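[1] got a predicted structure plus its sequence, pasted below:
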Amino acid sequence: MYRILCIATTLFAVSAFSQEIAITIDDAPAPDSNLFAGEERTQKLIESLKKSDVSDVLLFVKTNNITEHSKKRLEAYVDAGFHLGNHSHNHYSANRKDVDVYLSDIALAHDRLKSFGNLLPFYRYPFLHEGNDRKVRDRIRRFLKSMGYQSGYVTVDNYDWYMDKLLQQALADGREIDYEALKKAYVTILWESIKFYDEVAQQSLGRSPRHVLLLHENDMAALYIGDLISHIRSNGWVIISPEEAYKDPIASSVPDVLYNKQGRVAAIAKSKGWDTKFLRHESESEDFLDNYFKDNGVYK
Ligand SMILES: [Zn+2]
């Protein structure tokens, strides 16, 4: 009996205190690259997620990436049990584009997506830009609400897209790549960003929320998403579904700030008076990553 009690207590302790994170993947179905054809990339992502026993991820679709051919990749994600969300048609910035054009772009994306299965009414703002002034920001929010959409915010921002850009450049230049070092860089940097935003959350919210990790449908994810997931779990964290993550109270307590491009946790901290220089991880910088890749021997 004592043993059972011990095990039960341990299990409770783990579930009560484990940090949780969901995985979201932007810009699908992204075009062919220097390493993988789009189809191959999708297959690799599905395979790795299945092998890692991740039951759900949310792919934010940029619908002008959809062609007769790449459409099948979205269907493959759906068949694998994953979900799709709206990431606009043309990937405009709400900070720059005329708001009427911006809104019709969201509607157009919805129109292109509605015949797919497993579509969830979440909208991921391109560049995480939600508008430069309150009038624009609120108009977009009202429009999304009228469509039945919620914000597909992130809590962990990062420069995974730039790491992929560095890989593509190295391939184009015919440089020799140390794939072990590349993997280590990807996993380490993303894990550091996760810890960083969790720390900001603990200090500004007083707790660790259900996190939402931002990734992109790129070659780095296709190569190393499984390693990233193992690393996150080996630190005691639990991978949850995006739908679960968006049930966190931070989904409905939207801070009234015009600072959203580092995600929801950073926006909350900003609303509590934090200086924005403490709300961006050092790896969210092209210079930092250029040097990091160089110093860690990612390529010759
Ligand atoms: Zn995007």
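    Happy to help now that I have it.
[2] for the rest of this, base every contact and every neighbour count on C-alpha atoms.
    Noted.
[3] what's the spacing between A201 and N260?
    15 Å (Cα to Cα, to the nearest Å).
[4] same for the top helix by length along the chain, what does it pack against?
    Determined from DSSP state H, the single longest helix within the chain is helix 179-205. Counting contacts by 3 or more Cα pairs under 8 Å, 6 or more residues apart in numbering; DSSP states H and E, helix 179-205 packs against helix 160-172, helix 219-234, helix 264-271, helix 286-295.
[5] max-length strand in this structure?
    In terms of residue count, the longest strand belonging to the chain (DSSP state E) is strand 20-28.
[6] poorly predicted segments of this protein, please.
    1-16 (pLDDT under 70).
[7] which parts of this structure sit against the ion?
    27, 126 (Cα under 5 Å from the ion).
[8] host element of the residue most central in space within the chain?
    Among the residues of the chain, the one closest to the centroid is L214, at 1.4 Å (Cα atoms, centre = their mean). If you go by DSSP states H and E, L214 is part of strand 211-216.
[9] report all helices and strands that that strand contacts.
    On a contact count with 3+ Cα pairs under 8 Å, 6+ apart, strand 211-216 meets strand 20-28, helix 160-172, helix 242-245.
[10] most tightly packed of the ones you listed?
    For these, the largest average neighbour count (mean count of other Cα atoms under 10 Å) is found in strand 20-28, namely a mean of 23.
[11] next, the angle helix 219-234 makes with that strand.
    180 degrees (axes from the mean of the first three to the mean of the last three Cα atoms, to 10 degrees).
[12] what strands flank strand 20-28, and is each parallel or antiparallel?
    Strand 20-28 has the following sheet partners, assigned by DSSP bridges: strand 58-61 (parallel), strand 211-216 (parallel), strand 238-240 (parallel).
[13] any idea which of the ones you listed is most buried?
    Comparing the strands paired with strand 20-28 by mean count of other Cα under 10 Å gives strand 58-61 as most buried, with a mean of 28.
[14] distance from the chain centre to that one, please.
    9 Å (Cα atoms, centre = their mean, to the nearest Å).
[15] cool, stretch 165-173 as well?
    22 Å.
[16] which residue does the stretch 101-250 of the chain have closest to the ion?
    Closest residue of the stretch 101-250 of the chain to the ion, Cα to the ion: P126 (4.7 Å).
[17] how many residues are close by that residue?
    Using other Cα atoms under 10 Å as the criterion, P126 is surrounded by 21 other residues.
[18] quick one: the closest residue to it other than its chain neighbours and A28, what's the gap?
    In this structure, P126 finds its nearest non-sequential neighbour in H91, 5.4 Å apart by Cα to Cα, 6 or more residues apart in numbering. Distance, H91 to A28, using Cα to Cα: 12 Å.
[19] overlap in contacts of these two?
    Contact criterion Cα atoms under 8 Å, 6 or more residues apart in numbering; residues shared by H91 and A28: K62.
[20] rewinding a little: so which of the helices and strands packed on strand 211-216 gets nearest F278?
    Comparison of the helices and strands packed on strand 211-216 against F278 by Cα to Cα identifies helix 160-172 as nearest, at 19.8 Å.
[21] and the strand holding L214 with helix 264-271, angle?
    Using the same axes, to 10 degrees: strand 211-216 against helix 264-271 is 120 degrees.
[22] report the contact partners of the closest residue to A94 other than its chain neighbours.
    Spatial nearest neighbour of A94, excluding adjacent residues (Cα to Cα, 6+ apart): G131 at 4.7 Å. Contact analysis of G131 by Cα under 8 Å, 6+ apart lists 93-96, 137, 258.
[23] and if you look at Y246?
    Each residue near Y246 by Cα under 8 Å, 6+ apart is listed here: 152, 210.
[24] tell me how far it lies from A172.
    39 Å.
[25] returning to that earlier point: tell me which of the helices and strands packed on helix 179-205 is the most buried.
    helix 264-271 (a mean of 24).
[26] in what helix or strand does F122 lie?
    Taking DSSP H and E as the criterion, F122 maps to strand 119-123.
[27] just after that strand, pick out the following helix or strand.
    helix 134-146.
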